[in-house]
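Participant: here's my sequence, what's the structure:
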Amino acid sequence: MREGVVHKRVARAQAARLEAEILLKLHSENVPVPWVVGYRENLLILEYLPGEPLPDIIERGGYEPGALALALCDWFAAFYAAVPDGELRGDVNGRNFLYDEGSGTMYGVDFEERCYGPRARDAGRLAAFLVTYQTTDRARQASLAGRFMQRFAENFSCEANEIAAEYELELVAMQKRRDEKNF
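Facilitator: Reported below is the predicted structural model:
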């Protein structure tokens with residue numbers, strides 16, 4: 001185990017129990033996620049993971065789009081191999097992925113719920129997040145999202161048009177959430 005722990009408070013004890021269950025299962029299947037050191041009521045104690053959240057890397061710039069796209073697809077491959085057919089990552093906000101540039105490892109965090117549907121949904125939604133973070137290097141950002149969607153389609157037998165449809169739906173949903181927040 002790596003040094004250090006993170007204390008994560010969740011709203012409900014049931015959510016903490018579910019997240020601990022999901023993380024323990026994924027960890028046992030060698031999916032790069034934090035080890036559950038312990039949990040009680042609405043508190044999870046998780047191992048500290050190295051790396052930065054994806055949005056911070058994108059906003060900072062200077063990353064290699066192909067390496068990030070590959071690391072994301074490798075993470076999804078491990079995840080899908082560990083869960084039943086039809087189960088998705090679901091909450092694909094970029095803050096739920098940490099990338100350790102030193103090791104080239106992508107980690108998944110924040111598993112408070114289970115989600116089911118077509119895999120194209122995970123890809124399209126994550127790609128929408130990837131292109132909406134603030135950055136001065138829009139070309140690199142677009143390259144990352146494009147490479148991720150292409151590699152995902154190839155690796156997981158998804159149709160590119162299915163991923164594109166989910167991408168568009170998430171962009172619309174994001175705009176709606178922003179409009180409601182600013183209302």
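
Participant: can you give me phi and psi for the nearest residue to Val31 once chain neighbours are set aside?
Facilitator: Excluding the flanking residues, the one nearest Val31 by C-beta to C-beta, 6 or more residues apart in numbering is Ala78, at 4.5 Å. C-betas here are computed from N, CA, C, even on glycine. Phi and psi for Ala78, reported as degrees, to the nearest 10, are phi -60, psi -40.

Participant: what about Ala78, distance to Thr105?
Facilitator: Ala78 is 11 Å from Thr105, where distance means C-beta to C-beta, to the nearest Å.

Participant: check Ala71 too.
Facilitator: Between Ala71 and Thr105 the computed distance is 7 Å (C-beta to C-beta).

Participant: higher neighbour count, these two?
Facilitator: Ala71 (23 against 16; other C-beta atoms under 10 Å).

Participant: in three-state terms, label the nearest residue to the more buried one once chain neighbours are set aside for me.
Facilitator: Spatially, and ignoring its direct neighbours in sequence, Ala71 is nearest to Met106 (4.0 Å; C-beta to C-beta, 6+ apart). Classification of Met106 using DSSP: H, G, I helix; E, B strand; the rest coil returns strand.

Participant: can you list the buried residues in the lengthiest helix in the chain?
Facilitator: Longest helix in the chain, counting residues (DSSP state H): helix 160-182. For helix 160-182, a neighbour-count test (16 or more other C-beta atoms under 10 Å) marks Glu162, Ile163, Ala164, Glu166, Tyr167, Glu170, Leu171 as buried.

Participant: cheers, nothing more for now.
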